[in-house]
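[1] can't give you the sequence, but here's the structure:
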């Protein structure tokens, strides 16, 4: 192999070792015992002293505050999240990266209440889906800063609407400064977990995400293998691109087994997620990434009635390939839980989420994204106590 290839391979191996030390605990117990849960305190590189399984605040504390706001991020830390998913990154018209779940912001901001932006409402095809609304790439950062965030699913989380209009849209640079500030105030390293959203779509618009992200990380000295920033994407080629630009730990997100990543669709790659989660597919992912973020259904499928069935071999297969697993997303409400863990008939009521956590933790996953970090921490405590481990 050539010199550059050797360098990239070595860099990837180092990142895997670092992230593995961060999430697998001393001795890499999960790698030695595929399918068995690893629990305890991390040793070696990475976020030292944090327990496993890792509790990741999904878009902050989005079970309690409008997602991707500093209110949500701050609360996630206050509730004890080990890592905060701050932010899903989308670009503005003038090239800034901001934190929104999707480029369409009609459902997460008050843009519809701004008559000056009424003419910006349009219909686009976003990764093959016709979508009508307002899009970040049609606004400058200054214009976006005049908007305020609102709750994305008010029918399910009516109490969260109390905070509608309180917070603006954060930029990723603001998130990095917030991370440093919180690290100083709390006396321990705060970790974040950003995602590149729809990178193929934005690249075609001349707003490539990866280079912008790498530039910002370099400017803040956070582009290295031991930097407290893990980067994720649903598009494998975005992670491959980032693997050549930064040294950060990288994670490939995986949707339903029968789906295809949009970059695969765009390039004619016939593979589906089912192909990526085979031992061969996972080995390939491990050549440029250090982890995967599968949907929970890839870990334990549901039957026709929505009940959990038996776990797949994904945890053991991923660990055998040297990959960590951070599945998504645990939420407290019935509507998001497997049928056999729901309570009552109100879809917005809380179900037996603690029981669901135990089922997923028992598979050996290395962490989980959750909208309710406090619930996740209590569930982890239950799990560790059940195994006689002090977390």
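    Done, it's in. All values derive from a computational prediction rather than experimental measurement.
[2] ok, the host helix or strand of residue 124: who's next to it in the sheet?
    Using DSSP states H and E, the element containing residue 124 is strand 122-126. Strands adjacent to strand 122-126 in the sheet, as given by DSSP bridges, are strand 129-133 (antiparallel).
[3] isn't residue 249 right up against residue 293?
    No. Taking C-beta atoms under 8 Å as the definition, residue 249 is not a contact partner of residue 293, at 11.8 Å. All C-beta atoms are positioned from the backbone trio N, CA, C, and that covers glycine.
[4] could you point out where the stretch 251-391 of the chain is predicted with low confidence?
    387-391 (pLDDT under 70).
[5] now the strands: where do they sit in it?
    291-294, 324-325, 367-370 (DSSP state E, counting those that start in this stretch).
[6] would TSV of these with mean neighbour count be doable?
    Formatted as TSV, those follow (neighbours: other C-beta atoms under 10 Å):
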stretch	mean neighbour count
strand 291-294	27
strand 324-325	27
strand 367-370	26
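[7] Let's have the ones you listed in JSON lines, adding distance to residue 126.
    Formatted as JSON lines, the strands of the stretch 251-391 of the chain follow (distance: least, C-beta to C-beta, whole Å):
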{"stretch": "strand 291-294", "distance to residue 126": "21"}
{"stretch": "strand 324-325", "distance to residue 126": "28"}
{"stretch": "strand 367-370", "distance to residue 126": "22"}
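[8] Now find how far off-centre the strand holding residue 124 is within its chain.
    25 Å (C-alpha atoms, centre = their mean, to the nearest Å).
[9] and it, which residues are buried?
    Neighbour-count burial for strand 122-126 flags residue 126 (criterion: 16 or more other C-beta atoms under 10 Å).
[10] And stretch 275-284, by the same measure?
    For stretch 275-284, a neighbour-count test (16+ other C-beta under 10 Å) marks 276, 277, 281, 282, 284 as buried.
[11] in a helix, that's where residue 75 is, yeah?
    Yes. Judged by DSSP: H, G, I helix; E, B strand; the rest coil, residue 75 forms part of a helix.
[12] What is the burial count for it?
    21 (other C-beta atoms under 10 Å).
[13] And it, how close does it get to residue 56?
    When distance is defined by C-beta to C-beta, to the nearest Å, residue 75 is 14 Å away from residue 56.
[14] One more: residue 359?
    In terms of C-beta to C-beta, residue 359 sits 18 Å off from residue 56.
[15] again, but for residue 346
    From residue 346 to residue 56 the distance is 27 Å (C-beta to C-beta).
[16] Specify which residue of these two has the higher count of neighbours.
    It is residue 56, of residue 346 and residue 56, that has more neighbours when counted by other C-beta under 10 Å, with 27 against 12.
[17] is it true that residue 121 touches residue 132?
    Yes. The pair residue 121 / residue 132 is scored as a contact, 7.2 Å apart, by C-beta under 8 Å.
[18] what about the two, which has more around it?
    residue 121 (14 against 11).
[19] leaving aside the residues next to it on the chain, what's closest to the more buried one?
    residue 134 (5.7 Å; C-beta to C-beta, 6 or more residues apart in numbering).
[20] what does residue 178 give?
    Closest to residue 178 by C-beta to C-beta, 6+ apart is residue 70, at 6.5 Å.
[21] go on, residue 99?
    residue 87 (2.7 Å).
[22] Next, the one you found: phi, psi?
    phi -170, psi 160 (degrees, to the nearest 10).
[23] wait, what's in contact with it?
    59, 68, 98, 99, 100, 170, 172, 175, 192, 194, 195 (C-beta atoms under 8 Å, 6 or more residues apart in numbering).
[24] please redo it, this time with the cut-off set to 7 Å
    68, 99, 170, 172, 175, 194 (C-beta atoms under 7 Å, 6 or more residues apart in numbering).
[25] The fifth one: how many residues sit nearby?
    By other C-beta under 10 Å, the residues close to residue 175 number 24.
[26] And for residue 167?
    With other C-beta under 10 Å as criterion, residue 167 counts 19.
[27] and what of residue 327?
    Applying other C-beta under 10 Å, I find that residue 327 has 27 neighbouring residues.
[28] pretty sure it is touching residue 297, no?
    No. Under the criterion of C-beta atoms under 7 Å, residue 327 makes no contact with residue 297, lying 8.9 Å away.
[29] who touches the residue nearest to residue 151 when sequence neighbours are not counted in this structure?
    Closest residue to residue 151 apart from its sequence neighbours, by C-beta to C-beta, 6+ apart: residue 160 at 4.1 Å. By C-beta under 7 Å, 6+ apart, the residues touching residue 160 are 64, 65, 66, 151.
[30] how near is residue 160 to residue 133?
    Residue 160 is 20 Å from residue 133, by C-beta to C-beta.
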